[in-house]
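Novice: Just to be clear, the model below is a prediction. Sequence and coordinates:
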Amino acid sequence: MKKALVIQLARFGDIIQTKRLILTLLGRYDEVHLAVDSSLVPLARLVYPQLCVHGLAAHRGAGSPAEVFAASRMLFGRLASERFDAVYNLNFSRLNFSLSALFDADSVRGYAMRSGQPVVPLWARLAFRWTRKRRIAPLNLVDFWAYFARNPVCAGEVNPVAARGGGGIGVVLAGRDSRRSLPPAVLAACVQAVFEGTGGPAITLLGTAAEKTLARQLMRHFSGPMVERTVTLAGKTGYTDLAEVVGTLDTLITPDTGTMHLAAHLGTPVQAFFLSSAWCFETGPYGMGHRVWQGLVQCSPCEENRPCPVSVACLAPFADKRFLQVLAGKAAEAYPEHLSGLVSMFDAVGVTYLPVFGEDMAAPERRELRRLVAEHVCPETAKAGAGLIGMSAMQDMALQDSLGRFLFSESDWMLDAAGRDFPDVADVPGFC
């Protein structure tokens, strides 16, 4: 019996964003296992009922050091005894590198240990390089992880096409970082625009128990008819309840959150607000027919752990009356500046986002970088831009040369496979 293990120790949304890789492995192995943080085991079993899920203490709050050690030791022993044919280790962290040492180094795809040294594969190092210029990020995270396996399943097979479920509007109150979320007054105006544009359906507020106050603040800005149609479920849903609610909605209004990825997994239409450090070309909703509203100012996307020197200027377009007209489905004489409206679709590489309005000055560079990445992972479909949206028959050779030098290093082809996997210091960030 052929068995594979996926080690995904990140958070809610990342579990779901591993789906294309997992579906690929399910078609190639008799048994697929998934290792996640213990707190996310219920979610992983809900999303992937066909997998054998293992929980370990990867995040904080898992118990005392002695308890964590005892539980981890037992789990590590079980994993080591499974004799996996392939191990897909997806996160750049000390724990992931340590876990990889449980297995034969030749069976590990992704981050590994060889002779006591951390090894970062070329594919991951390419991603480290392109994240130096996040504005031209060429690949969604779902597709990045999928290409740890060769020839992954078609992108269109991952999630259902977005379709209304009849349950009205869902509103995710906030994301993990406040700068990536709309403040109550701005969010309320956006919800009202969608409410009026869709005939006044039911509204369901979604969030954690800590966001109950935020729900009350939001509803203070609602009109009377909206308040009458609103139900607050903040702090009242586990993963199963959340999936049941989200799966019935007509649309989910949300920042970049795990619930957004859950909606895409279920085929619920998403209207996602991306601003500050959130960048749809990296972590936008995966599937056909989702809408993304991306804030575009000179410093987008930023680093969320640094103070904003421009008073979150990327927030302003979301309060613009012209944007609210668009949300309500009304014709606008002009579109707001510093905002791009996009819809999700597929090309030969994976998901991409087609602009409906707004000017993205980085688009030509992003398309060319995507072509270079496509030549690396699926060369048979990437010749001369075949199968890639927006590629021109007239190629900019100077741009190709510049981006080629940016993405690739001489060591990528001058060294043998073993040498290539020992990273240059300049390629790899510090340990998490």
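Specialist: Alright, I've got the coordinates.
Novice: Next one: the residue nearest the centre of the chain from residue 66, what distance?
Specialist: In the chain, the C-alpha nearest the mean C-alpha coordinate belongs to residue 283, at 3.1 Å (C-alpha atoms, centre = their mean). Using C-beta to C-beta, to the nearest Å, residue 283 is found at 36 Å from residue 66. Heads up, the C-betas are built off the backbone N, CA and C, glycines and all.
Novice: next one: residue 301
Specialist: 41 Å.
Novice: neighbour count winner among the two?
Specialist: More crowded of residue 301 and residue 66, by other C-beta atoms under 10 Å: residue 301, with 23 against 8.
Novice: packing partners for the helix or strand in which residue 171 is found?
Specialist: Following DSSP states H and E, one finds residue 171 within strand 169-172. If you count contacts as 3 or more C-beta pairs under 8 Å, 6 or more residues apart in numbering; DSSP states H and E, strand 169-172 packs onto helix 184-197, strand 203-206, strand 251-254, helix 258-266.
Novice: Tell me the buried residues in the first one?
Specialist: Going back to what we said before, that points to helix 184-197. The neighbour-count check on helix 184-197 (16 or more other C-beta atoms under 10 Å) flags 184, 186, 187, 188, 189, 190, 191, 192, 193, 194, 195, 196 as buried.
Novice: And the residues you listed, which two are furthest apart?
Specialist: 184 and 196 (18.3 Å; C-beta to C-beta).
Novice: on that earlier part again, didn't the residue nearest to the centre of the chain look like it was pressed against residue 143?
Specialist: No: the pair residue 283 and residue 143 does not pass the contact test of C-beta atoms under 8 Å, sitting 11.2 Å apart.
Novice: does the closest residue to residue 133 other than its chain neighbours count as helix, strand or coil?
Specialist: Nearest residue to residue 133, sequence neighbours excluded (C-beta to C-beta, 6 or more residues apart in numbering): residue 406, at 7.3 Å. Here residue 406 is recorded as helix under DSSP: H, G, I helix; E, B strand; the rest coil.
Novice: Measure how buried residue 406 is and give me the count.
Specialist: Neighbour count of residue 406, defined by other C-beta under 10 Å: 16.
Novice: Could you pull up the residues touching it?
Specialist: Neighbour list for residue 406: 129, 130, 133, 369 [criterion: C-beta atoms under 8 Å, 6 or more residues apart in numbering].
Novice: Okay, the third one and residue 67: tell me how far apart.
Specialist: Read it as residue 133. Residue 133 is 43 Å from residue 67, by C-beta to C-beta.
Novice: Looking at these two, which one has more neighbours?
Specialist: Comparing residue 133 with residue 67 by other C-beta under 10 Å, the one with more neighbours is residue 133, at 16 against 11.
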